[in-house]
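Novice: The following block contains a protein sequence and its predicted model.
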Amino acid sequence: MPDDSAVSSATLPPQRLLLVTGMLGAGKTTVLRELEDLGWEIIDNFPIRLLDRLMETPGAGGGQPGVRAPIAIGFDSRTRGFDPEQVIRRIKTFSNRPELELSTLFLDCSSQELERRYNETRRRHPLASDTPAASGIRAERELLSPLRRWAEMLIDTTELTTNDLQRLIRERFAVGTDEKLVLTISSFGFSRGMPPVADFVFDMRFLENPHWDADLRPMTGRDAAVGDYIRRDPAFDEAFTRIRDLILMLLPRFEAQGKSYVHIAFGCTGGRHRSVFTAEQIAESLRQNGFSPTLLHRNLGSRATDLLERGAVT
């Protein structure tokens, strides 16, 4: 007699499968550990050629009866039999299987930052045993280029701390939550690098720059005097209103489509004045409209220098 408590595989949602790869030293271990904390089943250094065998294993994905825990599989250039072109061809054979929801994540990082990390940890690059780490990094980047181009998701960890990367993974891959949309508003300085991941980036460098006022330079966009200076720019009110209204129009639509996280970033040259003030004002306006944004200022504590401000769009 069949067990009524058993759940037919046909009634189960698709098995969620995330393939995580990228440059050695770019943060794969951090990502997999964070996913594990989020309830994912983790398999690292797994030969992709065995993926079909894994999926045929009874109970793959574990979890409660009737629930398929998502699986994250890590692999990189050290994995036995690693061949990017063969990996892509094999993964493509799984793309149309209705019982699978398969995604690929590539972790990248600038060569200079990777070299710094190797030098700091005194580890040898696996592809440069008898040569400088830079040689191995170049060889690996060339080897992985097909996977980088093909991957559905890309995270560049060059400017990310470990905590930043963990937070980003929590935002993107948390499972089993029915909470409202999580909204992040941030500010940053273009001269100090683009934000690593953002759904919207607004460039506020068209506004007059308080940096060139000697009295305002040491202040930030949180100071009233800086806010008054920015508001006096004839372009501010109209630009702010249009940006605010666009965000207020889109956020409910994102929620309706099931999007869990939205990150909206505002940039200026140094990341201390115009972007900070605008981010603060937008966050306050969103609170008045029933949202609860998290506010982050990446470069608020950075030192104001003419060198960074000069030569860029002021």
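Specialist: Looks like it arrived, so ask away.
Novice: So Leu286 sits against Ile243, correct?
Specialist: No - judged on C-beta atoms under 8 Å, Leu286 makes no contact with Ile243 at a distance of 11.2 Å. The way it works is simple: take the backbone N, C-alpha and C, and place the C-beta from them, glycine included.
Novice: which phi and psi does the residue lying closest to Phe202 once chain neighbours are set aside have?
Specialist: Closest residue to Phe202 apart from its sequence neighbours, by C-beta to C-beta, 6 or more residues apart in numbering: Phe266 at 5.0 Å. Dihedral pair for Phe266: phi -120, psi 130, per degrees, to the nearest 10.
Novice: burial count for Phe266?
Specialist: Using other C-beta atoms under 10 Å, Phe266 has 29 neighbouring residues.
Novice: How about Leu183?
Specialist: Leu183: 21 surrounding residues under other C-beta under 10 Å.
Novice: for it, helix, strand, or coil?
Specialist: Following DSSP: H, G, I helix; E, B strand; the rest coil, the label given to Leu183 is strand.
Novice: Just to check, it is in contact with Glu255?
Specialist: No - using C-beta under 8 Å, Leu183 is not in contact with Glu255; the gap is 9.9 Å.
Novice: Give me the contact list for the longest helix that the chain contains.
Specialist: Taking DSSP state H as the criterion, the chain has its longest helix at helix 236-256. For helix 236-256, the surrounding residues in contact (C-beta atoms under 8 Å, 6 or more residues apart in numbering) are 180-181, 183, 200, 202, 206-207, 230-231, 262, 264, 278, 281-282, 285-286, 289, 291.
Novice: Now do the strands in the stretch 201-314 of the chain.
Specialist: Listed in chain order, the strands of the stretch 201-314 of the chain (DSSP state E, counting those that start in this stretch) span 261-268, 294-297.
Novice: Okay, domains of the protein per the record?
Specialist: Residue ranges for the domains of the chain, per automatic domain parsing: 12-173, 182-309.
Novice: Of those, flag the one that's most buried.
Specialist: domain 182-309 (a mean of 18; mean count of other C-beta atoms under 10 Å).
Novice: give me every residue that touches Arg170.
Specialist: The contact partners of Arg170, taken as C-beta under 8 Å, 6+ apart, are Glu34, Leu38.
Novice: For it, grab phi and psi.
Specialist: Dihedral pair for Arg170: phi -60, psi -40, per degrees, to the nearest 10.
Novice: Where in the chain is the helix or strand with the lowest mean pLDDT?
Specialist: One helix or strand of the chain scores below all others by mean pLDDT, DSSP states H and E: helix 306-309, with a mean of 52.
Novice: Any idea which residue is closest to the centre of this structure?
Specialist: Central residue of the chain (C-alpha atoms, centre = their mean): Val197, 4.5 Å from the mean position.
Novice: picking up where we left off before, the longest helix of the chain - what's its average pLDDT?
Specialist: In this model, helix 236-256 has an average pLDDT of 95.
Novice: which SSE is the residue nearest to Ser111 when sequence neighbours are not counted in?
Specialist: Nearest residue to Ser111 in three dimensions, chain neighbours excluded: Ile137, at 5.0 Å (C-beta to C-beta, 6+ apart). Element membership for Ile137 (DSSP states H and E) is helix 133-150.
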